[in-house]
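Undergrad: Quick one, what's the 3D model for this:
(chains A and B)
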Amino acid sequence: MENTKKALSSIPLLKTKAGPRDVDLWPQRLKEEYQSLIQYVQNNKAADNDWFRLESNKEGTKWFGKCWVFQNQLKYEFDIEFDIPVTFPATAPEIALPELDGKTAKMYRGGKICLSDHFKPLWARNVPKFGISHALALGLGPWLAVEIPELIQKGVVKYKEKEDN
Amino acid sequence: MSLEDVENIKKRIENFKKTLMELTEAPGAQVTAEHKIREMSAEVVDSNPYSRLMALQRMGIVKNYEDIRKYTVVVVGVGGVGSVTAEMLTRCGIGKLVLFDYDKVELANMNRLFYQPSQAGLSKVTAASMTLSKINPDVKIETYNTNITLTTHFEEFLTVLKTGGINGDRVDLVLSCVDNYEARMTINTACNELGLNWFESGVSENAVCGHIQYIVPGESACFACAPPLVVASDIDEKTLKKDGVCAASLPTTMGVVAGLLVQNALKKLLGFGTVSWYLGYNALTDFFPSMMIKPNPNCSDNFCLKQQSEFKNMVKEEPEFTNVDLIEDIVTHESNEWGITLAEDQPTASNNTSELVESIKTVNVNQNNSIKSDEEYLSLNDGLEFAYPSADQTAPNEENLVKETELNVDDLREQLSLL
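TA: Next comes the predicted model:
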């Protein structure tokens, strides 16, 4: 929890309140999203806690990438995908890990992760300052930390030998 | 194989499943699905599906029940609440139903009403339209197996709302029966832009509370004016166990909420009774809190602000839009033998209707301006609370913000990919 707080406070906040339908301001918001993500990944690397990669389509409306968790020196990797909703940033992106769909109850249809009661109030209070990096740090990060070890323990998630390739 | 091919194959599989379902069902099941009517009969015979509805007219509850055939209602989300809502409207003989959902029927849905285990695997809209068109073939049913929160489908959603009515005109009412904040905000955005009336509905994740909310853009609070308003269940969040589950659900709570939703939709469409602005339901105590929430003059949705100013102008121009009942109550005495005058706090020229209209207008127009602070705006009736806090308006320190950059979007995209 302390780590999350520290990581969170060093992610740059965003300025522009614009979603993908706002043709004039969206490019500016997208720039800020990239800047914030670049800084977050750099912070993670510096803290030896690099845990995801993300990229987007040209319009910045579809995002995809990978995230990984280490457990007993083994690396478990998962595909991430999400769309920027029409009402972004008033509503957060719904992050999905499609390959885990149906494997845990802590998921909505399509493998969207079920966020804690704390996430949405926190996001709501920080519109439009929070962006994709914050959704990852506050939403996906804690979800992986809680759910993946349990899924590994239950044998639902298995280590794949060639995962690094 | 391209994405398009995959989509096409998915569609074909869906169609095969649908055909298979139709072929394998009991032969008797399709017998009743044939009536296409010209007009609703009020004749009281066993064979008339509308006799008990037309009786509402005979009893003086509804002025013209058959008006229902002119109306198009959009139901977004055909899950536990939406499917029951759609069935009720279908049985009431609504003119046209438009269904939106992108989910599939699953066995995990069977604790709720409407869907059957044999429909598992079908898209919810397909399964719903099959059942509904058998219940009442007079209802036109249109389905969209899409997620409206995606930018790629939002324009289509707007077009349907604008042109999905029976004669290619705008739809009459939108009923939100979705289970998430994102979709509610999407409906809110669309309805604010189009000035379209809608009902929000919801059931709490612990299954023991629910609510409906009628939203008239500009006149009432929109969904973005304040954080979502929910019924206080008085259950301490800390004692609420959420290990291994996202949400609980009960067919009872969902049935109650669907009933309240359609009841108010019918009152609105057919013009009887009073439509509730916000009506909550706490199943633990059988408590039904209600209130009206005024629009927020500082709403973050620009279209809501535009609708608010249009509503104010309409009230100014059309005084009859204000509380007409009050005006009718004024008694004008022919003579005043005893020289009785009214005390100061009464409207001064109480026999001068136009001045009173003027004063009522002012009260209504100024309603919003009288809200001084957020706390005052956010004060709620007993038993209700906001699901989230409002957005924090304080500006963050400059050093915590992203810095100005000369780089363009493509440069930054590349920089991120090289990390």
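Undergrad: Give me the most central residue, chain A.
TA: residue A:136 (2.7 Å; C-alpha atoms, centre = their mean).
Undergrad: if I look at the residue nearest to that residue when sequence neighbours are not counted, how far off is chain B?
TA: Leaving aside its sequence neighbours, residue A:136 sits nearest to residue A:52 (C-beta to C-beta, 6 or more residues apart in numbering or on different chains; 6.3 Å). C-betas here are computed from N, CA, C, even on glycine. From residue A:52 across to chain B, the span is 11 Å (C-beta to the nearest C-beta, to the nearest Å).
Undergrad: did I read that right, residue A:40 in a strand?
TA: No - under DSSP: H, G, I helix; E, B strand; the rest coil, residue A:40 sits outside any strand and is assigned helix.
Undergrad: Report the distance from stretch A:97-105 to the chain centre.
TA: 16 Å (C-alpha atoms, centre = their mean, to the nearest Å).
Undergrad: Go through chain B and flag its longest helix.
TA: helix B:3-24 (DSSP state H).
Undergrad: For residue B:80, give me its contacts.
TA: B:109, B:112, B:113, B:203, B:249, B:251, B:254 (C-beta atoms under 8 Å, 6 or more residues apart in numbering or on different chains).
Undergrad: Look up which helix or strand it falls in, please.
TA: Taking DSSP states H and E as the definition, residue B:80 sits outside all helices and strands.
Undergrad: Would you write out the ChimeraX command that picks the buried residues out of the contacts of residue B:80?
TA: In ChimeraX syntax, the buried subset of the contacts of residue B:80 is picked out as below (16 or more other C-beta atoms under 10 Å in any protein chain shown):
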select /B:109,112,113,203,249,254
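Undergrad: Which stretches in the stretch 201-350 of chain B count as strands?
TA: B:209-215, B:229-231, B:278-282, B:290-291 (DSSP state E, counting those that start in this stretch).
Undergrad: on that earlier part again, going by distance to chain A, which of the contacts of residue B:80 wins?
TA: Taking C-beta to the nearest C-beta as the measure, chain A lies nearest residue B:109 of the contacts of residue B:80, at 11.2 Å.
Undergrad: Can you check what pLDDT the model gives the nearest residue to that closest one once chain neighbours are set aside?
TA: Excluding its sequence neighbours, the residue lying closest to residue B:109 (C-beta to C-beta, 6+ apart) is residue B:115, at 5.5 Å. For residue B:115, the model assigns a pLDDT of 97.
Undergrad: Number of residues surrounding residue B:115?
TA: Neighbours of residue B:115 under the rule other C-beta atoms under 10 Å in any protein chain shown: 22.
Undergrad: what's near enough to touch it?
TA: B:83, B:105, B:109, B:124, B:127, B:128 are the contacts of residue B:115 under C-beta under 8 Å, 6+ apart.
Undergrad: buried residues in stretch B:382-394?
TA: B:383, B:384, B:386, B:387, B:388, B:390, B:391.
Undergrad: so which of the residues you listed would you say is closest to residue A:40?
TA: residue B:391 (21.9 Å; C-beta to C-beta).
Undergrad: Could you dump the contacts of residue B:115 into JSON lines with pLDDT and secondary structure added?
TA: Shown next, in JSON lines, are those (pLDDT from 0 to 100; DSSP: H, G, I helix; E, B strand; the rest coil):
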{"residue": "B:83", "pLDDT": "98", "secondary structure": "helix"}
{"residue": "B:105", "pLDDT": "95", "secondary structure": "coil"}
{"residue": "B:109", "pLDDT": "92", "secondary structure": "helix"}
{"residue": "B:124", "pLDDT": "97", "secondary structure": "helix"}
{"residue": "B:127", "pLDDT": "97", "secondary structure": "helix"}
{"residue": "B:128", "pLDDT": "97", "secondary structure": "helix"}
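Undergrad: Tell me the one among the residues you listed nearest to residue B:316.
TA: residue B:83 (42.8 Å).
Undergrad: and that closest one, how many neighbours?
TA: Residue B:83: 29 neighbours (other C-beta under 10 Å).
Undergrad: what's in contact with stretch B:277-287?
TA: B:207-214, B:220, B:229-235, B:250, B:252-253, B:256-257, B:260, B:264, B:288-293, B:383-384.
Undergrad: now do 6 Å
TA: Here stretch B:277-287 makes contact (C-beta atoms under 6 Å, 6 or more residues apart in numbering or on different chains) with B:208-214, B:220, B:231, B:253, B:256, B:260, B:288-292, B:383.
Undergrad: Next to chain A, which bits of the stretch 151-300 of chain B? Give me the list.
TA: B:151, B:154, B:181, B:182, B:185, B:186, B:189, B:244, B:245, B:246 (C-beta under 6 Å from any C-beta of the partner chain).
Undergrad: Can you add neighbour count and pLDDT and give those residues back as JSON lines?
TA: What follows is these, written out as JSON lines (neighbours: other C-beta atoms under 10 Å in any protein chain shown; pLDDT from 0 to 100):
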{"residue": "B:151", "neighbour count": "18", "pLDDT": "91"}
{"residue": "B:154", "neighbour count": "21", "pLDDT": "96"}
{"residue": "B:181", "neighbour count": "24", "pLDDT": "91"}
{"residue": "B:182", "neighbour count": "20", "pLDDT": "92"}
{"residue": "B:185", "neighbour count": "22", "pLDDT": "95"}
{"residue": "B:186", "neighbour count": "27", "pLDDT": "97"}
{"residue": "B:189", "neighbour count": "28", "pLDDT": "96"}
{"residue": "B:244", "neighbour count": "10", "pLDDT": "58"}
{"residue": "B:245", "neighbour count": "11", "pLDDT": "65"}
{"residue": "B:246", "neighbour count": "16", "pLDDT": "70"}
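Undergrad: Okay then, goodbye and thanks.
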